[in-house]
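Chemist: my questions concern the predicted model and sequence given below.
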Amino acid sequence: MSDSEPRVSVREPLANVEFRGIILAQVASEAGDQIARVAIALLVLSQTGSALLSAATFAVSFIPTFLGAALLGPLADRLSRRNLMLGADLGRAIVIGAMALLALPATPVWLLFALLIVAEFFTPLFDSARSASIPDILGDRDLVTAGLGLSRSLHLINQAVGLIVGGFLVQLASARVALTVDALSFLVSFVLLGVYLARRPAMLEAPSGVGVLIGDLREGWDLLFADVSRRSLILLGWGMAVAIVAPEAVALAYVRDQGWGDAWGGLLMAAVIVGAAIGSLVVASRTVNLQVDLLLPLAIAVCLPLLLTGLEPPRIILLVLWVLSGCAQAFLVPLMSFTTMLTPNEQRGRVIGIASAGFAALTALGYLLAGAIADATSPAFSVVVMAVIGLVVASIGFVGWPTLRLRADLANLDAPFPG
């Protein structure tokens with residue numbers, strides 16, 4: 001694909017009815033999920049006063065992805081992807097509903113964490129099935145790139161809206177109300193997917209036992225790291241995870257440290273995500289070759305505005321800096337879409353699962369590390385340290401980065417997209 005070739009608009013995938021259904025379900029559920037996360041984080045922060053435990057609330061939500069994505073991801077190859085998404089939505093609605101009943105100041109923190117872990121075990125199953133389904137639904141390579149970029153942007157917008165609304169909702173109502181909204185959002189997603197998504201057979205035979213899934217995991221690992229293009233993409237994403245999550249990890253503690261009020265915590269977290277949504281929309285509409293060229297420069301650009309957080313600038317300037325950092329997170333759009341497209345259909349679930357598991361593990365580590373540094377020093381200094389780590393990772397990525405190989409591999413993908 002040449003750089004002069006007309007680009008595909010991110011609106012074009014929406015002409016597909018099934019894709020519209022997935023997007024509507026995504027919008028319904030993800031904003032509610034973020035409202036619930038900020039509600040639990042604020043509840044924990046109020047009970048304990050610890051930035052580390054507040055950050056751990058977000059980190060806990062990634063533990064099931066780390067533990068479950070790699071092992072459960074192959075189910076997206078061996079079972080109906082539609083049924084997996086429906087079952088995950090129903091499971092999350094039930095568990096989050098139980099959390100809403102228990103969201104009281106007297107409830108032990110460990111119980112809230114335990115229920116959150118159970119609820120989040122459904123997330124990697126849902127995400128693997130959804131990501132593996134999008135190439136089936138859209139069919140064309142360029143539509144897949146645009147569609148995944150749009151999905152990523154809406155995911156970020158939902159996060160931003162949820163974080164902002166969550167901060168105000170907890171102040172005006174309660175954590176229980178926020179969690180109830182989240183549970184209802186999963187039921188709405190369940191209905192939308194049931195109506196819009198077509199039934200498709202599984203790509204492989206159903207697993208006869210855990211041994212089959214472990215074999216799939218081993219095969220997916222070999223597949224992922226045997227290919228230089230996929231390996232380079234995934235290692236860059238994994239390495240940058242700790243820097244990306246630093247602002248969100250300490251934002252609530254940062255605003256309390258500054259005496260700005262809890263609502264500003266939601267706004268600061270949303271600033272990064274709004275920037276990421278804007279950047280994702282812009283990058284997703286670029287040509288494939290240009291997206292390849294932007295990967296590493298954008299990864300470095302994520303970290304530069306975060307370094308200025310150490311100066312503890314006025315809140316408006318800090319918002320702008322974090323928005324700019326978020327915009328550069330758009331490097332994740334081609335990273336995810338290229339990894340998906342370069343993987344054979346019958347193996348997408350396991351590869352996406354392993355990629356998600358590694359990213360989740362390092363994201364959780366980033367939350368915990370940022371929270372620990374914030375407790376020992378300050379939230380502002382914590383963000384600076386994590387940004388330096390990200391700069392080191394991105395700089396190392398320049399050594400042997402396979403730009404020409406990526407271009408060639410993507411050019412070899414025929415349109416319509418191979419199933």
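Modeler: Looks like it came in fine.

Chemist: how about T107, secondary structure?
Modeler: The local conformation at T107, judged by DSSP: H, G, I helix; E, B strand; the rest coil, is coil.

Chemist: distance check, it against T48.
Modeler: 13 Å (C-beta to C-beta, to the nearest Å). Quick note: C-beta positions are derived from backbone N, CA and C, even for glycine.

Chemist: these two - which one has more neighbours?
Modeler: Neighbours around T107 and T48, counted as other C-beta atoms under 10 Å, are more numerous at T107. The numbers are 16 against 13.

Chemist: can you check the pLDDT for that one?
Modeler: Per-residue pLDDT puts T107 at 77.

Chemist: can you give me phi and psi for it?
Modeler: In terms of degrees, to the nearest 10, the main-chain angles of T107 are phi -70, psi 130.

Chemist: from L281, how far out is the residue nearest to G147 when sequence neighbours are not counted?
Modeler: The spatially closest residue to G147, leaving aside those adjacent along the chain, is P13, at 3.6 Å (C-beta to C-beta, 6 or more residues apart in numbering). Counting by C-beta to C-beta, the gap between P13 and L281 amounts to 13 Å.

Chemist: again with N16
Modeler: Shown here: N16 relative to L281, a distance of 18 Å by C-beta to C-beta.

Chemist: those two: which is more packed in?
Modeler: The residue with more neighbours, out of N16 and L281, is L281; 20 against 17, by other C-beta under 10 Å.

Chemist: and the helix or strand harbouring the more buried one, how far out from the chain middle?
Modeler: Using DSSP states H and E, L281 sits within helix 262-284. In this view, helix 262-284 has its centroid 13 Å away from the chain centroid, taken as C-alpha atoms, centre = their mean, to the nearest Å.

Chemist: next secondary structure after that helix?
Modeler: Towards the C-terminus, the helix or strand next in line after helix 262-284, according to DSSP H and E, is helix 288-307.

Chemist: can you dump the C-alpha coordinates of the helix or strand following that next one into CSV?
Modeler: Toward the C-terminus, helix 288-307 is succeeded by helix 315-328 as the next helix or strand (DSSP H and E). Extracted C-alpha coordinates of helix 315-328, given in CSV (Å, rounded to 0.1, in the frame of the first residue of the first chain):
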residue,chain,number,x,y,z
ARG,A,315,-4.1,22.4,37.0
ILE,A,316,-5.0,23.7,33.5
ILE,A,317,-1.4,23.3,32.2
LEU,A,318,-1.3,19.8,33.7
LEU,A,319,-4.5,18.9,31.9
VAL,A,320,-3.0,20.1,28.6
LEU,A,321,0.3,18.1,29.2
TRP,A,322,-1.6,14.9,30.0
VAL,A,323,-3.8,15.4,27.0
LEU,A,324,-0.7,15.6,24.8
SER,A,325,0.8,12.5,26.3
GLY,A,326,-2.5,10.7,25.7
CYS,A,327,-2.5,11.8,22.0
ALA,A,328,0.8,10.0,21.5
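
Chemist: what is helix 315-328 packed up against?
Modeler: Of the remaining helices and strands, those touching helix 315-328 by 3 or more C-beta pairs under 8 Å, 6 or more residues apart in numbering; DSSP states H and E are helix 246-258, helix 262-284, helix 288-307.

Chemist: out of these, which gets nearest to V191?
Modeler: Taking C-beta to C-beta, helix 262-284 is the member of those nearest to V191, at 25.4 Å.

Chemist: output the below-cut-off pLDDT ranges for the stretch 1-150 of the chain.
Modeler: In the prediction, the stretch 1-150 of the chain carries residues with pLDDT under 70 at positions 1-10, 31-32, 34, 51-52, 54-55, 58-59, 61-62, 65-73, 141.

Chemist: which residue ranges form the helices in it?
Modeler: Using DSSP state H, counting those that start in this stretch, the helices of the stretch 1-150 of the chain run over residues 17-48, 51-60, 63-72, 75-78, 81-102, 109-120, 122-138, 141-172.

Chemist: shared neighbours of P13 and L281, which are they?
Modeler: Between them, P13 and L281 share these contacting residues under C-beta atoms under 8 Å, 6 or more residues apart in numbering: L150.

Chemist: correct me if wrong: G366 contacts A243.
Modeler: Yes. Counting by C-beta atoms under 8 Å, G366 touches A243, with 7.3 Å between them.

Chemist: list residues touching both of the two?
Modeler: Counting by C-beta under 8 Å, 6+ apart, the contacts common to G366 and A243 are M386.

Chemist: and A202, what element?
Modeler: A202 is located outside every helix and strand, with elements delineated by DSSP H and E.

Chemist: that one: what's it in contact with?
Modeler: Listed by C-beta under 8 Å, 6+ apart, the contact partners of A202 are D77, R78, L79, S80, R81.

Chemist: the same query, at a cut-off of 7 Å, please.
Modeler: Applying C-beta atoms under 7 Å, 6 or more residues apart in numbering, one finds that A202 lies in contact with R78, L79, S80.

Chemist: quick one, phi psi at the second one?
Modeler: Main-chain torsions, L79, degrees, to the nearest 10: phi -130, psi 170.

Chemist: cool, and the last one?
Modeler: Backbone torsions of S80, given as degrees, to the nearest 10, read phi -60, psi 120.

Chemist: where in the stretch 201-350 of the chain is pLDDT low?
Modeler: Scanning the stretch 201-350 of the chain for pLDDT under 70 picks out 204-210, 213, 261-263.
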